[in-house]
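Engineer: Quick one, what's the 3D model for this:
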Amino acid sequence: MIVAENITKTYENGAKGLDSVTLRINQGEFVFVVGSSGSGKTTFVRMLLKEIEPTEGTLIVNGENLCALTPKQIPFYRRRMGVVFQDFRLLSNKTVYENVAFAMQILGAPSRDIRRNVPSVLALVGLQRKAKAFPNQLSGGEQQRTSLARAIVNKPPLLLADEPTGNLDPDTAWEIVSLLDDINGRGTTVVVATHAKDIVDQMKKRVITLRNGVIVRDIEKGGYSDEL
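Structural biologist: Residues are numbered from 1 along each chain as shown. All right, here's what the predicted structure looks like:
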């Protein structure tokens, strides 16, 4: 699903966001990407989103060579990826149902598919009774569930979650991570960038640790604090 070969990102000030990173994430994996501030985690996420370009190396996501994409192709690439952010990024003037439906509408999905798929996805994330609510009527956890429903309603092969529990209390954070695990169990590749040490330690998934732009650990069923 993701193949990075000797990816380096050097910023204009000379700082290296990533330094010769090589990794492979297979279809169907659940992977945590961890690291302290300045480790390169944000650079990696932004690169997967095609927000920034590598200075050197090759990055292939779901068969697409990101370095070869033209500006016109970028929106179509992103539409094949589900993304969940720390700050939810919901449309405040749309209901829960409308926020999720919008993700299908921009792909030109038929109305009958929207009417069928949106309720089933809302049921999956436990929001079937909140379909008519607006974001300002929801708790933080409910907003993140809406964001998650929107990210998966088009059944993307890859789900990228950038600090998805950063604004949530511990119990709600666990609910969101459990949903991510469930989505992964249905076949979606899930990559989670996070600082949530307790969650990473207890989930026992693959953990890739970055430090100063370099992969220092890559452990199957590991934890945040595992040593080399």
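Engineer: So which residue is smack in the middle of this structure?
Structural biologist: Geometric centre of the chain, nearest residue: Leu160, 1.5 Å, by C-alpha atoms, centre = their mean.
Engineer: who does the host helix or strand of that one pair up with?
Structural biologist: Here Leu160, judged by DSSP states H and E, is contained in strand 158-162. Strand 158-162 has the following sheet partners, assigned by DSSP bridges: strand 81-85 (parallel), strand 189-193 (parallel).
Engineer: among those, which gets the worst mean confidence?
Structural biologist: Here the strands paired with strand 158-162 differ in mean pLDDT, and the lowest is strand 81-85 at a mean of 92.
Engineer: tell me what the longest helix belonging to the chain is packed against?
Structural biologist: In the chain, assigned by DSSP state H, the helix with the most residues is helix 170-185. Counting contacts by 3 or more C-beta pairs under 8 Å, 6 or more residues apart in numbering; DSSP states H and E, helix 170-185 packs against strand 30-34, helix 140-152, strand 158-162, strand 189-193, helix 197-203. Just so you know, the C-beta spots here come from the backbone N, C-alpha and C atoms, and that holds for glycine as well.
Engineer: Need these in JSON lines (columns: distance to Gln86).
Structural biologist: Listed next are the helices and strands packed on helix 170-185 as JSON lines, based on distance: least, C-beta to C-beta, whole Å:
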{"stretch": "strand 30-34", "distance to Gln86": "14"}
{"stretch": "helix 140-152", "distance to Gln86": "9"}
{"stretch": "strand 158-162", "distance to Gln86": "6"}
{"stretch": "strand 189-193", "distance to Gln86": "10"}
{"stretch": "helix 197-203", "distance to Gln86": "14"}
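Engineer: between those, which one is nearest to Leu168?
Structural biologist: Among the helices and strands packed on helix 170-185, the nearest to Leu168 by C-beta to C-beta is helix 140-152 (5.4 Å).
Engineer: and the closest one, what does it pack onto?
Structural biologist: Using 3+ C-beta pairs under 8 Å, 6+ apart: helix 140-152 touches strand 81-85, helix 96-105, helix 111-124, helix 170-185.
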